[in-house]
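Asks: How does the following fold in three dimensions:
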Amino acid sequence: MASSTGVNASFIPTDGYLDGPRLLADVGGTNARFALERAPGQIEAIQTLRCADYAEFAQAVEAYLVHHAANELALGANAQVRHAAIAIANPVQGDEIKMTNHHWAFSIEATRRRLNLDTLLVVNDFTALSMALPHLEQTHCVQIGGGRPLAGGVVGLVGAGTGLGVGGLIPSERRWIALGSEGGHVRFAPGDAREAAILAYCWRTYSHVSAERLVSGPGIEMTYMALADMRGIMNPEPLHTAQIVERALAGGDALCHEVLECFCAMLGTVAADVAVTLGTLGGIYIGGGVVPRLGEYFASSPFRARFESKGRFEGYMAKIPTYVITAPYPAFVGVAAILAEHLGGGNAVPILERIRKARPQFSPAEQKVASLILAHPRAVMSEPISEIARRAEVSQPTVIRFCRTMGCQGLADFKLKLASGVTGTVPVAHSQVHVGDSSLDVGVKVIDNTISAMMEVRDNLNADTLSKVIDILSQASRVEFYGFGSCGLVAEDAQQKFFRLGIPASAYTDPQLQEISASLLKSTDVTVIISNSGRLRHLAPAVEMAVNSGATIIALAPSNSQLAKRADYTLAVEHDEGSNMHIPMVSRILLLLLIDVLAVGISMNRSSPFAELQRQAKRGILAHTAATQGDVASDKVTAKEEGPSASGDNNLVTPNLISHTK
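Replies: Next up is the predicted model:
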């Protein structure tokens, strides 16, 4: 396995990663394999556990970690695992994982908390295998036909095991992007009459026959039964996949040999379809648990002939090389690369944390650069080197020297790692609340869903639109906020904030009042319309009047909504709550959050014509408060000296206090 540290050697401790070893896992339908990566490319402590032996995925991880911790402590090494990456034979969409070929189901975030991890990444197993390809040694791949791969060409990946995996690798500048897919579930396409008969046999049981149904380990057993039926064998000997393969390779069993012949040909069809679909001039790689066990037989099997059998495209296909991956644990290499990229590349921790830890070792000039990056990481990601140097009060060569000190090739490489660290540090995603969830799980899911939605709003903020909206609101003669229901509460909250900033503002939650307000708008006014659904409905009349008045319309709503299309500017609020939600939750918080962003932006906007009015108002309030406190103190002294009145009235001070507090 090739390894690349991605960080200056002076920052790599001799005992591995700064914050301990990383946990790697490759989870299939039958086995779960675990390993530790102690340093870049140093993968050890490999252990295979049977999935059937554990009721839950987390239990299997805990069993491995307990065993690992005992060994590490015996060696006097750091046993704490903070970061983990899992490759799983399953589609990964959101937080909830439900395995296709096993009964395990789990929440990624709940598992992260249970295992006390800082980071838990879960990716499709073929996404991981795809990312392993650039890091494999040539000795770990055997070429089966074809010519030379095109440098920088797209790479395809096919693998048969418990299921059928399909993936790809797309070059992008100096890195690769893994293309995840569920291509194994496309409909099976027979390549000849025999395969058509096998498909017909499967149709007796399944209405949909996917490629995975036949081109996989279990598919070999299905093909065995189908061919036996076609040969009139009434009660074929029940054989498992391993037994069929063993007999086929040993010779002497014609039926098993025919099964293996069919399997290799059908795999050739699948690989060829992937090649023409993706244009894999960089080659097709064959992984999974079946083909590597076929040894020399695979090279002489019908695989390559079927791969090239594409009619008018035979010449095109003949040039594409195909390889069999022979590395023992390639998925570990892939998930290690994915985890390294997620954590910002290089050594053990996200790049911002590495900067903090290494700060005392920097030169005085480099410390200035470090201080700027730690204080304004997002600004640094988008600024040119000249601006970074100016703000840090250093030379441009110092900025480059700092980047290389951090193990990066230059500023562009540093920004890429910085972006990964800044945007990838909150490991939460939207997850469903289910009946039967504990109170703690409900609370955690609600909070995590809110955080996830807030992160999405943050990452999708359009800087130009936000700046323009803040400038427009700062210069407006007056601002009118419209909203219904929970959005009406947001409008009222906005009105209070803007009024305190010295901006004439009103909030209307009644349709008729909104229409009256809209009819009085001028071209120098702004109306902010707040809607979690973005539907016009009751807002339509007021919106049309506002448009006709020439006032600027700003929408806080979903980006593709009706309201967004009518507005001059839209600050998008995307959320997973349905439009018929009776009690909006996440959307309400997102809208309030955007109002806060606008309020802070306006407050910081010193060019606002209302800024001086705001300062005058604040000085007036402080002066009035000071005068009030002085009068109250004087009244208390007078009351104490004079005592109760002759009429017995003990409340002489109260009217004075009330008049001043008013």
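
Asks: Identify each buried residue in whatever helix or strand Met266 lives in, please.
Replies: Met266 is located in helix 254-278, with elements delineated by DSSP states H and E. Judged by neighbour count (16 or more other CB atoms under 10 Å), helix 254-278 contains these buried residues: 255-275, 278. Every residue, glycine included, has its C-beta placed from N, CA and C.

Asks: how distant is that helix from the center of its chain?
Replies: 35 Å (CA atoms, centre = their mean, to the nearest Å).

Asks: Leaving out the residues flanking it, which one is nearest to Ser519?
Replies: Met545 (5.3 Å; CB to CB, 6 or more residues apart in numbering).

Asks: buried sites along the helix or strand where the one you found lies?
Replies: Secondary structure assignment for Met545, by DSSP H and E: helix 540-549. Neighbour-count burial for helix 540-549 flags 542-543, 545-547, 549 (criterion: 16+ other CB under 10 Å).

Asks: and what of stretch 125-137?
Replies: Buried, per 16+ other CB under 10 Å, within stretch 125-137: 125-136.

Asks: quick one: pLDDT of the closest residue to Val142 other than its chain neighbours?
Replies: Leaving aside its chain neighbours, Val142 sits nearest to Val324 (4.7 Å; criterion: CB to CB, 6+ apart). pLDDT, Val324: 94.

Asks: ok, now Cys202?
Replies: pLDDT, Cys202: 95.

Asks: Tell me the spacing between it and Ala453.
Replies: 44 Å (CB to CB, to the nearest Å).

Asks: quick one: which of these two has more around it?
Replies: The neighbour comparison of Cys202 against Ala453 (other CB atoms under 10 Å) goes to Ala453, with 23 against 20.

Asks: Quick check: which ranges of the stretch 201-350 of the chain have low pLDDT?
Replies: 344-350 (pLDDT under 70).

Asks: Tell me where it has strands.
Replies: For the stretch 201-350 of the chain, the strands defined by DSSP state E, counting those that start in this stretch cover 284-287, 322-325.

Asks: just the stretch 351-500 of the chain next, same as before
Replies: Under DSSP E, counting those that start in this stretch, the stretch 351-500 of the chain gives strands at 479-482.

Asks: In it, where is pLDDT below threshold?
Replies: Using pLDDT under 70, the flagged stretches of the stretch 351-500 of the chain are 420-437, 441, 459.

Asks: show me where it has helices.
Replies: 351-358, 364-375, 377-382, 385-392, 396-405, 411-423, 439-460, 463-475, 485-500 (DSSP state H, counting those that start in this stretch).

Asks: what do you get for the stretch 201-350 of the chain?
Replies: So, for the stretch 201-350 of the chain - with DSSP H, counting those that start in this stretch - the helices run 211-214, 217-230, 241-250, 254-278, 297-300, 303-308, 314-319, 330-342.

Asks: Report the angle between the fourth one and helix 241-250.
Replies: Angle between the axes of helix 254-278 and helix 241-250 is 100 degrees (criterion: axes from the mean of the first three to the mean of the last three CA atoms, to 10 degrees).

Asks: For Ala557, which non-adjacent residue is closest in space?
Replies: That would be Gly534: by CB to CB, 6+ apart, it lies 3.8 Å from Ala557.

Asks: in a strand, that's where the one you found is, yeah?
Replies: No: counting by DSSP: H, G, I helix; E, B strand; the rest coil, Gly534 is not found in a strand; it is coil.

Asks: wait, isn't it in contact with Leu563?
Replies: Yes: using CB atoms under 8 Å, Gly534 is in contact with Leu563, at 4.4 Å.

Asks: can I see the domain layout of this structure?
Replies: Here the domain assignment for the chain is 9-125, 140-326, 351-423, 461-604, 611-661, based on automatic domain parsing.

Asks: Could you tell me the end-to-end distance of the second one?
Replies: Distance between the two ends of domain 140-326: 5 Å, counting by CA to CA, to the nearest Å.

Asks: how far out from the middle of the chain is it?
Replies: For domain 140-326, the distance to the chain centre is 32 Å (CA atoms, centre = their mean).

Asks: on that earlier part again, which one among the buried residues of helix 540-549 gets closest to Ala228?
Replies: Val543 (70.2 Å; CB to CB).

Asks: residues in contact with the closest one?
Replies: 518, 529, 536, 553, 563, 566 (CB atoms under 8 Å, 6 or more residues apart in numbering).

Asks: Could you give the number of residues near the second one?
Replies: Under the neighbour criterion other CB under 10 Å, Ile529 is assigned a count of 28.

Asks: now do the fourth one
Replies: For Ile553, the count of nearby residues is 21 (other CB under 10 Å).

Asks: pLDDT score for the closest residue to it other than its chain neighbours?
Replies: Spatially, and ignoring its direct neighbours in sequence, Ile553 is nearest to Ala567 (4.6 Å; CB to CB, 6+ apart). According to the prediction, Ala567 has pLDDT 92.

Asks: can you tell me how far Ala567 sits from Ile470?
Replies: Ala567 is 16 Å from Ile470, by CB to CB.

Asks: Which of those two has more residues huddled nearby?
Replies: Higher neighbour count among Ala567 and Ile470: Ala567, with 23 against 20, using other CB under 10 Å.

Asks: follow-up on the earlier one: distance to Val335 added to the domains of the chain, as JSON lines?
Replies: As requested, the domains of the chain are exported to JSON lines (distance: least, CB to CB, whole Å):
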{"stretch": "domain 9-125", "distance to Val335": "4"}
{"stretch": "domain 140-326", "distance to Val335": "11"}
{"stretch": "domain 351-423", "distance to Val335": "16"}
{"stretch": "domain 461-604", "distance to Val335": "28"}
{"stretch": "domain 611-661", "distance to Val335": "52"}
